[in-house]
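K.L.:
have a look at this prediction, sequence included:
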Amino acid sequence: MFDVGGQRSERKKWIHCFENVTSIIFCVALSEYDQVLLEQSNQNRMMESLVLFDSVVNSRWFVRTSIILFLNKVDLFKQKLARSPLANYFPDYSGGNDVNRAAKYLLWRFNQVNRAHLNLYPQYVGLSRYHT
């Protein structure tokens, strides 16, 4: 297992090392929908996760790879929705503060960038039980 997260400048150095892997675990903190990157204060963290996910799932290195998408920090996400509406950051979202709708919307956003149609296995993770 390798953790390949980190700064943008490091990403291009590792992607080719994973040719022929059978699965990837991609983790996204749902609670970061209203936060910005440390290295670029005008870039939303969730949007950056979508950009990185796009580059992974549509990469020529992963054409036969299954993706396990962990959407974590659901508990924090639920707490934040009332005081920081998702629609403030994703104007096309219209589901209000309902955690199920908001989580499904963000999963939909990740599915939209999966143009390679890789097998995607989403899992919601948090301290409390959560069902879709």
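P.N.:
Sure, I can see it. Numbering: from 1, shown residues only.
K.L.:
find the nearest non-adjacent residue to the residue sitting nearest the centre point of the chain, please.
P.N.:
The centroid of the chain falls nearest to residue 28 when counting by CA atoms, centre = their mean (3.9 Å). Nearest in space to residue 28, with sequence neighbours left out and distances taken as CB to CB, 6 or more residues apart in numbering, is residue 49 at 4.8 Å. Every C-beta, even on glycine, is put in place using the N, C-alpha and C of the backbone.
K.L.:
and residue 101, that's in a strand?
P.N.:
No. Going by DSSP: H, G, I helix; E, B strand; the rest coil, the assignment for residue 101 is helix, not a strand.
K.L.:
pLDDT at it, what is it?
P.N.:
Residue 101 carries a pLDDT value of 98.
K.L.:
how much space separates it from residue 88?
P.N.:
15 Å (CB to CB, to the nearest Å).
K.L.:
please apply the same query to residue 26.
P.N.:
From residue 26 to residue 88 the distance is 25 Å (CB to CB).
K.L.:
for residue 51, same thing?
P.N.:
When residue 51 is compared with residue 88 (using CB to CB), they lie 20 Å apart.
K.L.:
neighbour-wise, which of the two wins?
P.N.:
residue 51 (13 against 10; other CB atoms under 10 Å).
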